[in-house]
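Trainee: no sequence for this one, just the structure:
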């Protein structure tokens, strides 16, 4: 009798301990931990002279946790310049200055550890002084801000990548109209588009000066995704069991043929969906019906560009497909009057229309873009203006292959 009571007490205690552990694990998984965001900020030139650029960015740390403070004990900035010429004799100096209300600038540029309050915003200023005999060949500054978050999840190093354009082409650089099926096309040269750009403003700046009533503007899906900040450095991806096993089974040219590329998709749609998609794809191939993986896994499976898939410095990143592509083209039409489409085009004459304004014919767009006038190399012409040679802008009977919303 005593033994059975003792066993019952032990069993209840064990059950209680298990319940407490489960509850602790559940609350841990629901908490954001060191959820501290560093914004891309606003960047301006304080000086833009032939032999000196002084670039200043105003950014903010934002504590997105509901009840926890997060500290920033360390921060430093590293700058990589991209140029069409040589960097010999070109120097860069960076300084990070706290701009919160209690901050006092230190002449030794020492970073004093900061607590970012719950829901708080802590501004910082980053200045980049670039000097050299001739800076005219510089294209962009790739700013890598390395910082440490310190809080309930421990000490976690992070990096914020911001690409700042340094060279801006004139609208006169885009003059070469080319004949296409039922239209003429004009590849539009822009600066290297970055997260600091807005798609509508890019159209206003580079396209509107060339456009007339009835013209159509198309934007590549990867440049749009980059403007939306939808790119991830592989160092932030931690491949799991599923990604490290399945990636070997994709074609070598696929962006899902690396553990980080496939894990990026898993992070978006979940491991269950990716596994089911893989099984569906394998069964489909057995019956001579390829493509089931991408149908089940969703649009992002086709749109992810792995490392080397885009222009430098984005060749170091995994670039996702764009978000809310339909909303973007509708906004462009509403604010500029131009019909618009978001497209994915390659040199193999594959044209995919992710989203288009309602007055456009999908067949017309495919015919106009089939020769890939934007190019797949370093042309830096992510936008194409299409001028129909006859009335083809009737309401499309075929919907875009993807709405671009994820």
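Mentor: Nice, thanks for sending it over. Predicted, not measured: the structure shown is a model, and the values here were computed from it. Residues are numbered from 1 along each chain as shown.
Trainee: residue 293 sits in which helix or strand?
Mentor: helix 292-297 (DSSP states H and E).
Trainee: so for that helix, what gets flagged as buried?
Mentor: Buried residues in helix 292-297, counting neighbours by 16 or more other C-beta atoms under 10 Å, are found at 292-294, 296-297. C-beta here means a position set from N, CA and C on the backbone, and glycine is covered the same way.
Trainee: now those in TSV, please, with extra columns for pLDDT.
Mentor: Compiled in TSV, these are given as follows (pLDDT from 0 to 100):
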residue	pLDDT
292	90
293	94
294	92
296	95
297	94
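Trainee: of these, closest to residue 206?
Mentor: Using C-beta to C-beta, residue 294 comes nearest to residue 206 of the buried residues of helix 292-297, at 32.8 Å.
Trainee: returning to what we had before: out of the buried residues of helix 292-297, flag the one nearest to residue 113.
Mentor: So of those, ranked by how close each gets to residue 113 (C-beta to C-beta), first place is residue 297, at 43.6 Å.
Trainee: look at the residue nearest to that closest one when sequence neighbours are not counted and give its secondary structure.
Mentor: Distances taken as C-beta to C-beta, 6 or more residues apart in numbering put residue 277 closest to residue 297, at 3.8 Å, once the chain neighbours are dropped. With DSSP: H, G, I helix; E, B strand; the rest coil as the basis, residue 277 sits in helix.
Trainee: how close does residue 277 get to residue 239?
Mentor: Relative to residue 239, residue 277 is positioned 17 Å away (C-beta to C-beta, to the nearest Å).
Trainee: now do residue 260
Mentor: Computed as C-beta to C-beta, the residue 260 to residue 239 distance reads 6 Å.
Trainee: out of those two, which sits in the more crowded spot?
Mentor: A count of neighbours by other C-beta atoms under 10 Å puts residue 260 above the other of residue 260 and residue 239, at 22 against 18.
Trainee: now the stretch 101-250 of the chain, which segments are flagged as low pLDDT?
Mentor: Within the stretch 101-250 of the chain, not a single segment meets pLDDT under 70.
Trainee: equivalent analysis for the stretch 301-406 of the chain, please.
Mentor: Using pLDDT under 70, the stretch 301-406 of the chain drops low at 377, 390-406.
Trainee: mind listing residues that contact stretch 111-118?
Mentor: Stretch 111-118 is contacted by residues 36, 61-63, 65-76, 96, 98, 100, 106, 122, 150 when judged by C-beta atoms under 8 Å, 6 or more residues apart in numbering.
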